[in-house]
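Asker: sequence first, then the predicted structure:
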Amino acid sequence: MLYPMKLEAPLKDYLWGGTRLKDEYGKETKLDKVAESWELSCHKDGESIIKNGEAAGQTLTAWLKKAGSGVLGSKAEKFPYFPLLIKLIDAKGSLSVQVHPDNEYAMRVEGEYGKTEMWYIVDCEPGASLLYGFNREITKEEFKRRIEDNTLLEVCNRVPVHKGDVFFIDSGTLHAIGEGILICEIQQSSNSTYRIYDYGRVGSDGKPRELHVDKALDVTKLAVPTRGTKPLAHIDIIPGAKMELLAECEYFTVYHGNLMDLCSLTVGRDSFQCVTVLQGNMRVVKAGQELELSKGDTVFLPAGLGDYSLVGQAEFILSKL
């Protein structure tokens, strides 16, 4: 039986994280801080658990194995793995300057697929900024030299951010989330990250965190980013909700929605959907059954589920293939 599945997210307490995901987004944990909440994940480093219905208590991975590939939809057939990883990220401090490999390099070197991702700025402190590529084109030799002499930040493209901004991070793009930013991230299901610069910080063992300079030199694109930082399009054709297309690529399609009352949607046979609530409260209604969602909740909607409704007043992210 197919039904909307509320998910419990694995949580990560990286050193740069804060407490907003606990204090404001309802993440229950004994961790002192929560840097990342993996809202939708079948990755081996942290798997979502189904919280409701007949599959309650199972990992999403386990349920998918029983249910079969059809519940992911026809667009997922080209992927030999569950294709998406969706996170809420609370950067109280700045993340390391890093880069992700593409599929070919990651499969050859890391044994998993690479990572293209997008960020939606959920909230940020006044004056917050992040690093997004370079401020001018540089050579590989200059890149290596600036890493060695700690002048890399001089050629990084620092961008001020505002709530609602969108960043598309192709694999190979140097980037770093800055302090005071809360992000919803939709990405390929991969955890391959090459750390280039880390502000001299040390880990819980008291030692400097590992850098991956040689691999970063192999995969980093040394040009200025050309993509903008705004949603791709505004769509206002769904009664009861305002929707914006944030990003679209071969790996994912992502919308931002403002639910005003009631809107009717459909999960076809081409792709599953995932709804993450950023603000407010809503109910997912399907065939007379209702599922309550509040700020910080995520629901997985299997492909072929058919018509359903969202009822309430809420801000949300809808992701699909």
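Answerer: Sure, I can see it.
Asker: Thr173 is in contact with Trp119, correct?
Answerer: No: in this structure, Trp119 is not within contact of Thr173 by CB atoms under 8 Å, at 11.4 Å. Every residue, glycine included, has its C-beta placed from N, CA and C.
Asker: what strand or helix carries the spatially most central residue of the chain?
Answerer: Nearest to the geometric centre of the chain sits Glu185, at 2.1 Å (CA atoms, centre = their mean). Following DSSP states H and E, the helix or strand that holds Glu185 is strand 181-188.
Asker: adjacent strands (with direction) for that strand?
Answerer: strand 84-91 (antiparallel), strand 117-124 (antiparallel) (DSSP bridges).
Asker: for whatever helix or strand comes next after that strand, give the mean pLDDT please.
Answerer: Sequence-wise, the next helix or strand downstream of strand 181-188 (DSSP H and E) is strand 194-197. Mean pLDDT, strand 194-197: 97.
Asker: list the buried residues in the next helix or strand after strand 194-197.
Answerer: Counting by DSSP H and E, the next helix or strand C-terminal to strand 194-197 is helix 213-219. Buried positions in helix 213-219, judged by neighbour count with 16 or more other CB atoms under 10 Å: 215-217, 219.
Asker: other SSEs contacting helix 213-219?
Answerer: strand 97-99, helix 103-109, helix 140-148, strand 194-197 (3 or more CB pairs under 8 Å, 6 or more residues apart in numbering; DSSP states H and E).
Asker: gap between Lys6 and Asn258?
Answerer: Counting by CB to CB, to the nearest Å, the gap from Lys6 to Asn258 is 21 Å.
Asker: quick one: Lys215 and Pro101 touch, right?
Answerer: Yes: counting by CB under 8 Å, Pro101 is a contact partner of Lys215 at 7.2 Å.
Asker: who touches both of these two?
Answerer: 109, 194 (CB atoms under 8 Å, 6 or more residues apart in numbering).
Asker: quick one: find the helix or strand in this structure with the lowest mean pLDDT.
Answerer: Least confident element among the helices and strands of the chain, by mean pLDDT, DSSP states H and E: strand 233-238 (a mean of 75).
Asker: next secondary structure after it?
Answerer: strand 241-248.
Asker: ok, back up a step: and the strand holding Glu185, what's its mean pLDDT?
Answerer: Mean pLDDT, strand 181-188: 98.
Asker: distance between it and the chain's centre?
Answerer: 3 Å (CA atoms, centre = their mean, to the nearest Å).
Asker: what does stretch 141-159 give?
Answerer: Using CA atoms, centre = their mean, the offset of stretch 141-159 from its chain centre is 26 Å.
Asker: select, out of the helices and strands packed on helix 213-219, the one closest to Pro80.
Answerer: Closest to Pro80 of those, according to CB to CB: helix 103-109, at 10.4 Å.
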